[in-house]
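Student: Sequence and predicted structure below; questions after.
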Amino acid sequence: MKPFLTRNLLAGLLAGAALSGQAYAQTVEPPLGASLQDLLAYAREHNPELAARKLEAAANRERIEPAGALPDPKFQLELMDFTNTMSGGGASLLPGKVGQTRYRVIQPLPFWGKRELRGGVAEALADQSARVADSTALEVEARIKSAYVRYYQADGQSAILGETLSLVEALSRLAETRYSVGLVPQQDVIRAHSELTALKIERVEAERRRRDAAAKLNAQLPRRADAPLEAPAALPRAPAQLDLSALFERARSQSPELARERLGTEAAARSRELVQLDRYPDFSVGLTNNRPKNGSDSWDLMLEVNIPLQQGSRRAREREAERRVDAARTQVVAAEARLNGRLGESHAAFVANLDKARLLRDTLLPQARANFDAAMAGYESGRVNFNTLIEAERQILRARLALLDADAEVHVRLAELELLVGAPL
């Protein structure tokens, strides 16, 4: 092969590889996971559940204008004496070729106030749909926050076990060194190797939980289950304390769930007013143009009134509307009671885990580390056996994992409280 052909072929292969790399880079999703805010922003843009609720709310908003509009007018064409019996001609279905042609336009006119009430009912239902969209957004964000906390928890467990594994490996080497010079029995080495194996098994399980948590977090965004996720940097700072009464007052004014129930009451009240207006008649106005076959045009004006005589059915509809208003008001009371109970439950768990984390961080973990340092010094001097040293190491591990679990539960409960309140805390 000629040199210039070889160079051209190589350049073409390199260019093709570069284009393929660019196409692959475009198809691979960007890594997320380090920041919770980035995950929430991604979900707001890509989550189909949120998009569906927003589109439904927009569709319901378009119902307001037609609900309060006038009914469409009607057009009538009437062919009088189409057999032409009076004029002596043959039958015809053509306007102008019959005895008389009538063109009539009729405009229905609802009783005063009905159009405004129909528009008000549609507006209340549209606002209710918008609150459903708000609730869905809060629910999706709460699920993402909880999934992010679980991902952080699983990643932290794996990291803690990895650090503990390195520590036990160092202790194992120490035990082997002391055993080689006859300072400790062989059981110390065997115990160290057994502890290493147990920690490796625990870390395998922790890695499984981390992958599972990553898949669940990707599902909430949504992304592929195996889409890359960076290690979470840190959890957001949790408030030091939260007043339950203040939370309930905020929830009463900000919760989309309560707002949706109140809008249901408003829609039911306007529907009741609309039913009550059925006591009064609706109207229709008609204008007719008469065109005789052999005569002059004339105009007729018509006024039509429907007579609401079916009092039994009307009163039944009024009673139904009244019961629906009562039911909607009761739903608001029930929703407030449910909200109060859920707030109390989540707040109690939040406070308990906050106190637990504080005790673990400030008391138990320093004590466990001090105990390990003392056990390490005692083992090196021959005053403490290896089992005591391993138990001290296990105590630190349990305290660190318990602290991680408590911090995770604090943020999971905080996400629940924010969902119930309807705003960040």
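Tutor: Arrived safely, thanks for sending. As the structure is a prediction and not an experimental result, all values here were calculated from the model. Residues are numbered from 1 along each chain as shown.
Student: all helices for this structure, in order.
Tutor: 3-27, 36-46, 48-61, 64-67, 114-180, 186-220, 244-254, 256-276, 311-359, 365-381, 386-421 (DSSP state H).
Student: For the longest one, which helices and strands make contact with it?
Tutor: In other words, helix 114-180. If you count contacts as 3 or more CB pairs under 8 Å, 6 or more residues apart in numbering; DSSP states H and E, helix 114-180 packs onto helix 36-46, helix 48-61, helix 64-67, helix 186-220, helix 256-276, helix 386-421. For every residue, glycine as well, the C-beta is placed using N, CA and C.
Student: how about 10 Å then?
Tutor: Here helix 114-180 touches helix 36-46, helix 48-61, helix 64-67, helix 186-220, helix 256-276, helix 365-381, helix 386-421, going by 3 or more CB pairs under 10 Å, 6 or more residues apart in numbering; DSSP states H and E.
Student: now do the fourth one
Tutor: Judged by 3+ CB pairs under 10 Å, 6+ apart, the packing partners of helix 64-67 are helix 114-180.
Student: what's the offset of the helix it packs on from the middle of its chain?
Tutor: Chain-centre distance of helix 114-180: 13 Å, with CA atoms, centre = their mean, to the nearest Å.
Student: Distance check, residue 363 against residue 79.
Tutor: The gap separating residue 363 from residue 79 is 99 Å, by CB to CB, to the nearest Å.
Student: now residue 373
Tutor: Per CB to CB, residue 373 is found 109 Å from residue 79.
Student: Looking at the two, which is more packed in?
Tutor: Taking neighbours as other CB atoms under 10 Å, residue 373 and residue 79 compare with residue 79 leading, 17 against 11.
Student: what bridges to the more buried one?
Tutor: For residue 79, the beta-bridge partners are residue 101 (DSSP bridges).
Student: Tell me the spacing between it and residue 324.
Tutor: To residue 324, residue 79 is 48 Å away according to CB to CB.
Student: quick revisit: switch the helices of the chain over to a markdown table; also include distance to residue 89 and mean pLDDT.
Tutor: Converted to a markdown table, these look like this (distance: least, CB to CB, whole Å; pLDDT from 0 to 100):
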| stretch | distance to residue 89 | mean pLDDT |
| --- | --- | --- |
| helix 3-27 | 78 | 43 |
| helix 36-46 | 73 | 90 |
| helix 48-61 | 55 | 92 |
| helix 64-67 | 46 | 91 |
| helix 114-180 | 47 | 92 |
| helix 186-220 | 79 | 92 |
| helix 244-254 | 78 | 91 |
| helix 256-276 | 52 | 92 |
| helix 311-359 | 49 | 93 |
| helix 365-381 | 110 | 92 |
| helix 386-421 | 80 | 93 |
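Student: Can I get these in JSON lines including distance to residue 284?
Tutor: Shown next, in JSON lines, are those (distance: least, CB to CB, whole Å):
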{"stretch": "helix 3-27", "distance to residue 284": "63"}
{"stretch": "helix 36-46", "distance to residue 284": "50"}
{"stretch": "helix 48-61", "distance to residue 284": "30"}
{"stretch": "helix 64-67", "distance to residue 284": "19"}
{"stretch": "helix 114-180", "distance to residue 284": "14"}
{"stretch": "helix 186-220", "distance to residue 284": "55"}
{"stretch": "helix 244-254", "distance to residue 284": "46"}
{"stretch": "helix 256-276", "distance to residue 284": "19"}
{"stretch": "helix 311-359", "distance to residue 284": "20"}
{"stretch": "helix 365-381", "distance to residue 284": "83"}
{"stretch": "helix 386-421", "distance to residue 284": "52"}
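Student: So which of these is nearest residue 100?
Tutor: helix 114-180 (35.9 Å; CB to CB).
Student: could you redo the helices and strands packed on helix 114-180 as TSV and give each row distance to residue 316?
Tutor: Below are the helices and strands packed on helix 114-180 laid out as TSV (distance: least, CB to CB, whole Å):
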stretch	distance to residue 316
helix 36-46	47
helix 48-61	28
helix 64-67	24
helix 186-220	48
helix 256-276	10
helix 365-381	70
helix 386-421	39
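Student: I'd like the distance between residue 394 and residue 385.
Tutor: Residue 394 is 14 Å from residue 385, by CB to CB.
Student: Revised request: answer the last question for residue 354.
Tutor: With distances taken as CB to CB, residue 354 is found 38 Å from residue 385.
Student: With neighbour numbers in mind, choose between the two.
Tutor: A count of neighbours by other CB under 10 Å puts residue 354 above the other of residue 354 and residue 385, at 21 against 17.
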